[in-house]
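A.B. asks: Output the structure for:
(2 chains)
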Amino acid sequence: MTLAIGTEKGAFFLDLDDPGSAAPTFPGWKVTAFGVTSSGDRLVAVGSNWFGAALHRSSDGVEWEQIVPGPTYGSERPVSQIWTLTTAGGRVYAGVAEAGLFTSGDDAATWESAESLNEHPTRPSWEPGLGGLAAHRVLVDGDRIWCGISAVGLWRSEDAGRTWATKNAGVRRAFETDEPNDISFCIHGLTQDPANPDHMWRQEHTGVFRSIDGGDSWEACETGLPAVFGFPMVRDHASGRLFIVPLHSDEQRLPVDGRFGVWQSDDDGDTWKPSGSGWPTEPSYDTVLRGAMVGDGNGRLALGTTGGAVWLTEDAGDSWRRLPVRTPRILSVAFLPD
Amino acid sequence: MPVVSIPRVLAVVTGDRRNIEVDGTTVRGALDDLVRRYPQLAVHLWDEAGAWRPHVVCLVDGRVVRWNGDEQQPVGSDADITVVQAVSGGFSTWR
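C.D. replies: Okay, here's the model as predicted:
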């Protein structure tokens, strides 16, 4: 297993036995997402303030080939960043900015726009968040697909992407609006129980919420948290634990009182507590972006910080350790099979 | 043949070649031949509308061509066409 770290200045593929030896791949490029195709090829999404976004693939992790064309609207609407890559059921899904979902049925060789979502009648009312108008979270369970778009909200398709409906009932809106549609929500993180996909959790701009009906309805679940703002959300499926990184308000976006670390819930979000041991004892003001925490589903989680630190647990959060590596600002993290 | 020089970060799609001989008697013709040889470069040079990306600059024999729009200007067989990232564009609201 390789721990892939996507930074502002390249990708670092860490050997967990020798993490400090990694040199950047794609030096100078923002590395915004990782993925694995159905056939096992690695995918890396890169971007540049100068040269736009692109998607690369590799069968051996050494030689890379840019996929041409990558996800594109075929119009003047830009694909400025590829935010997330998900593979399920023989298809690869890419969530991008300007917000949209693309899918590939041929192992990421060619891409098609999910028109019914990307050209939804409400699109003229979609508004960007600070990070842009982005589709950045995608979950798949058979023909059901969930797509989180900021600052629009969560969408669900029941028919493999042919039609879409918003799923934000019970969630606090990101801002006051007279918008008549079920949009204007700023979703940051999203996870679910793969054994029971109706059980979902979301880290929202406005708080932490859960659903037991696949997103049809949501309730806040924030007991014990020092703050309800944050970005990433991961579930360790073996233990059932949930993990988030609370930050002091959308105005500050800092660890509360300089207490950097992950918080976890062992009871499906009923209550939250600091996760395990190993965190800095001195004040630390690192933060974790929405794509920068990941789990392998079997007790191992990793996160990367805006300060270029990488943290790892291999016992579902009982203990954490910082790896001996310092990278540029971390945008994305993934476990990739060797 | 004209030579197109590209930034190091774009050489990731050209097998690390930064100076590429191309065919063409105009700026546009030379660049079209460049992306025929390396189709991956097109998305990095031009936006979805086919215009130069805002922070990419093209020079022919040291003179900027992107702002006069004259990509049809002739180029000699020894022309030096250089693509550079402008001294701008370093900031974005990235996440």
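
A.B. asks: which residue ranges form the helices in the stretch 201-338 of chain A?
C.D. replies: A:249-252 (DSSP state H, counting those that start in this stretch).

A.B. asks: Over to chain B?
C.D. replies: Taking DSSP state H as the test, the helices found in chain B are B:27-37, B:42-45.

A.B. asks: Give me whichever of the ones you listed is most buried.
C.D. replies: Ranked by mean neighbour count, the helices of chain B are led by helix B:42-45 with a mean of 21 (mean count of other CB atoms under 10 Å in any protein chain shown). (Each C-beta comes from the backbone N, C-alpha and C, glycine too.)

A.B. asks: That one and chain A, any residue contact?
C.D. replies: Yes: applying CB under 8 Å from any CB of the partner chain, one finds helix B:42-45 touching chain A at B:42, B:43, B:44, B:45.

A.B. asks: where does whichever residue of the stretch 101-250 of chain A sits closest to chain B land on pLDDT?
C.D. replies: The nearest approach of the stretch 101-250 of chain A to chain B comes at residue A:131, 4.4 Å away (CB to the nearest CB). Model confidence at residue A:131, expressed as pLDDT, equals 86.

A.B. asks: Ok, residue B:18 next?
C.D. replies: Confidence score, pLDDT, at residue B:18: 98.

A.B. asks: Also the one 5 residues further on?
C.D. replies: Looking at residue B:23, its pLDDT stands at 97.

A.B. asks: Am I right that it is in contact with residue B:32?
C.D. replies: No: look at residue B:23 against residue B:32 with CB atoms under 8 Å: they stay out of range, at 9.3 Å.

A.B. asks: Angles on the backbone of the residue of the stretch 101-250 of chain A closest to chain B, please.
C.D. replies: Main-chain dihedrals, residue A:131, degrees, to the nearest 10: phi -90, psi 10.

A.B. asks: hang on, residue A:116 in a strand?
C.D. replies: No: counting by DSSP: H, G, I helix; E, B strand; the rest coil, residue A:116 falls outside a strand, being helix.

A.B. asks: and it, how many residues sit next to it?
C.D. replies: Neighbours of residue A:116 under the rule other CB atoms under 10 Å in any protein chain shown: 14.

A.B. asks: Check residue A:36 too.
C.D. replies: Neighbour count for residue A:36, taken as other CB under 10 Å: 19.

A.B. asks: now residue A:290
C.D. replies: Look at residue A:290: counted by other CB under 10 Å, it has 26 neighbours.

A.B. asks: pLDDT score assigned to it?
C.D. replies: 97.

A.B. asks: Tell me the spacing between the nearest residue to it once chain neighbours are set aside and residue A:111.
C.D. replies: Using CB to CB, 6 or more residues apart in numbering or on different chains and skipping residues adjacent in sequence, the residue nearest residue A:290 is residue A:231, 3.9 Å away. To residue A:111, residue A:231 is 26 Å away according to CB to CB, to the nearest Å.

A.B. asks: go on, residue B:2?
C.D. replies: 33 Å.

A.B. asks: ok, now residue B:34?
C.D. replies: Taking CB to CB, one finds residue B:34 at 24 Å from residue A:111.

A.B. asks: got it, and residue B:45?
C.D. replies: 20 Å.

A.B. asks: Next, count neighbours for the closest residue to residue A:107 other than its chain neighbours.
C.D. replies: Counting by CB to CB, 6+ apart, residue A:107 lies nearest to residue A:37, which is 4.7 Å off, once chain neighbours are set aside. A count of neighbours around residue A:37, defined by other CB under 10 Å, yields 20.

A.B. asks: burial measure for residue A:89, as a count.
C.D. replies: Neighbour tally, residue A:89, other CB under 10 Å: 13.

A.B. asks: what residues are up against it?
C.D. replies: By CB atoms under 8 Å, 6 or more residues apart in numbering or on different chains, the residues touching residue A:89 are A:140, A:142.

A.B. asks: what's the weakest-modelled helix or strand in chain B?
C.D. replies: Sorting the helices and strands of chain B by mean pLDDT, DSSP states H and E puts strand B:63-64 at the bottom, at a mean of 88.

A.B. asks: can you list the residues that contact that strand?
C.D. replies: With CB under 8 Å, 6+ apart, strand B:63-64 has contacts from B:57, B:58.

A.B. asks: what does stretch B:4-17 give?
C.D. replies: A:26-29, A:48, A:51, A:64, A:66, B:18-20, B:22, B:30-31, B:34, B:38, B:40-41, B:44, B:80-85.

A.B. asks: Throw together a PyMOL command that grabs the buried residues out of these.
C.D. replies: Burial among these is assessed by 16 or more other CB atoms under 10 Å in any protein chain shown; the matching PyMOL selection reads:
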select buried, (chain A and resi 26+28+29+48+51+64+66) or (chain B and resi 20+22+30+31+34+38+40+41+44+81+82+83+85)
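
A.B. asks: Can you flag which of the contacts of stretch B:4-17 belong to strands?
C.D. replies: The strands, defined by DSSP state E, take in A:66, B:19, B:20, B:80, B:81, B:82, B:83, B:84, B:85 from the contacts of stretch B:4-17.

A.B. asks: so which pair among those is furthest apart in space?
C.D. replies: Pairwise distances across the ones in strands among the contacts of stretch B:4-17 (CB to CB) peak at 25.6 Å, for the pair A:66 and B:80.

A.B. asks: who's the residue nearest the centre of chain B bridged to?
C.D. replies: By CA atoms, centre = their mean, chain B has its centre lying nearest to residue B:83, at 4.1 Å. Applying DSSP bridges to residue B:83 yields these beta-bridge partners: residue B:58.

A.B. asks: hang on, residue A:216 packs against residue A:166?
C.D. replies: No: under the criterion of CB under 8 Å, residue A:216 makes no contact with residue A:166, lying 10.6 Å away.

A.B. asks: Between the two, which has more neighbouring residues?
C.D. replies: Legend: neighbour count by other CB under 10 Å for residue A:216 and residue A:166, higher for residue A:166 (18 against 13).

A.B. asks: which residues sit in contact with that one?
C.D. replies: A:153, A:154, A:155, A:156, A:181, A:182, A:183.

A.B. asks: Tabulate the residues you listed (TSV), appending neighbour count and distance to residue A:237.
C.D. replies: TSV is the format used below for the contacts of residue A:166 (neighbours: other CB atoms under 10 Å in any protein chain shown; distance: CB to CB, whole Å):
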residue	neighbour count	distance to residue A:237
A:153	26	25
A:154	26	20
A:155	25	23
A:156	18	21
A:181	15	34
A:182	18	29
A:183	21	30
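
A.B. asks: Narrow those to those in strands?
C.D. replies: Filtering those for strands - DSSP E - leaves A:153, A:154, A:155, A:156.

A.B. asks: what's the spacing between the last one and residue A:19?
C.D. replies: Spelled out, that is residue A:156. With CB to CB as the criterion, residue A:156 and residue A:19 are 38 Å apart.

A.B. asks: That concludes my questions; thank you for your assistance.
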